[in-house]
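1. pasting the sequence and the predicted model now:
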Amino acid sequence: MRRAPLLRQYFETLLAALGPSGWWPADSPLEVAIGAILTQNTAWSNVERAIAALKDAAVLSPEALLALPEETLASLIRPAGYFRVKARRLRHFLSFLTAHGGTMENLRHVPQLRQRLLEVPGIGPETADSILLYALDVPRFVVDTYTRRIFHRHGLVPEDIGYDELQAFFEDALSPDVPLFQEFHALIVRTGKSWCRPTPRCTRCPLAPLLPPS
DNA sequence: AGCCAGGACTGAG
DNA sequence: CTCAGTCATGGC
């Protein structure tokens, strides 16, 4: 089954309906990585407050963040929720970053970077791929709850499909294309937020015309 | 008042 | 290995 044309139809439909997303919403690659950790199972509006607090405290650099006591860092990111675990996860990532040159740019030269990121405590597949795609322009397709929910409701994947399998569903069909991957995931999340909630309200979803007959 | 959010990890069986 | 429990704030 050739799913490339189908997936491109989903992409074009969403892009036409919603317009370009301009993702990831961040001012720097480091901010992308921080946001990727902070947004784990958390509304982005809460992440914005946390990042704003880091900016107000003028600690939005690897050195400054690592210099903070973990407890202080936790209090700064408090609005993002799970602030104690996330403070630890940020420190784990920042230690990793420091060990590999101290800048996001230097991460590009790390061999097997995805596997190395997955070894960092608190960085799972979605967080790793978000960093790769949006901070480092590596063409990995980011999948999340919305991706699974939307494409399951359209009958294209099983509800319990695993991360790697769902990612392969997209990467096997689409040739590696950073701008496409970036925009596609962004559109999926925006669609999920508005229409593909746990209790569906699909009437005005732009993807409704593509739904299979139920 | 609940339910939910752009996950990841842990312990139990 | 699967799976319920844990982490936590803020918006609706």
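-> Arrived safely.
2. every contact and neighbour count from this point should use C-alpha atoms.
-> Will do.
3. up against DNA strand C, what does chain A have?
-> On the criterion Cα under 7 Å from any atom of the strand, DNA strand C has as its neighbours in chain A the residues A:41-43, A:45-46, A:78-86.
4. would you map the helices across chain A?
-> Taking DSSP state H to define them, one finds helices in chain A at A:4-18, A:29-38, A:44-56, A:62-67, A:70-76, A:83-99, A:104-107, A:113-119, A:125-130, A:145-153, A:163-171, A:178-194.
5. centre-most residue in chain A?
-> Closest to where the C-alpha atoms of chain A average out (Cα atoms, centre = their mean) is A:Ser130, at 4.0 Å.
6. check contacts around that residue.
-> A:Ser130 makes contact with A:Ala33, A:Ala36, A:Val142 under the criterion Cα atoms under 8 Å, 6 or more residues apart in numbering.
7. of these, which is the most crowded?
-> Per-residue neighbour counts (other Cα atoms under 10 Å) across the contacts of A:Ser130 peak at A:Val142, which has 26 neighbours.
8. that residue and A:Asp129 touch, don't they?
-> Yes - assessed by Cα atoms under 8 Å, A:Val142 is found in contact with A:Asp129 at 5.6 Å.
9. sorry, back to before: would you turn the contacts of A:Ser130 into CSV with pLDDT?
-> Written out in CSV, the entries for these read as follows (pLDDT from 0 to 100):
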residue, pLDDT
A:Ala33, 99
A:Ala36, 98
A:Val142, 98
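10. within reach of DNA strand B, which of those are there?
-> Of the residues in those, proximity to DNA strand B by Cα under 7 Å from any atom of the strand holds for A:Ala36.
11. any idea how chain A splits into domains?
-> Structural domains annotated on chain A: A:4-22+A:141-210, A:29-135, as defined by automatic domain parsing.
12. do me a favour and get the end-to-end distance for the first one?
-> Terminal residues of domain A:4-22+A:141-210 lie 15 Å apart, using Cα to Cα, to the nearest Å.
13. ditto for the longest one
-> Counting by Cα to Cα, you get 4 Å between the two ends of domain A:29-135.
14. same check, this time on stretch A:47-64
-> Using Cα to Cα, the gap from the first to the last residue of stretch A:47-64 comes to 19 Å.
15. buried ones in that stretch?
-> Using 16 or more other Cα atoms under 10 Å as the burial criterion, the residues of stretch A:47-64 that qualify are A:Val47, A:Glu48, A:Arg49, A:Ala50, A:Ile51, A:Ala53, A:Leu54, A:Val59, A:Leu60, A:Ser61, A:Pro62.
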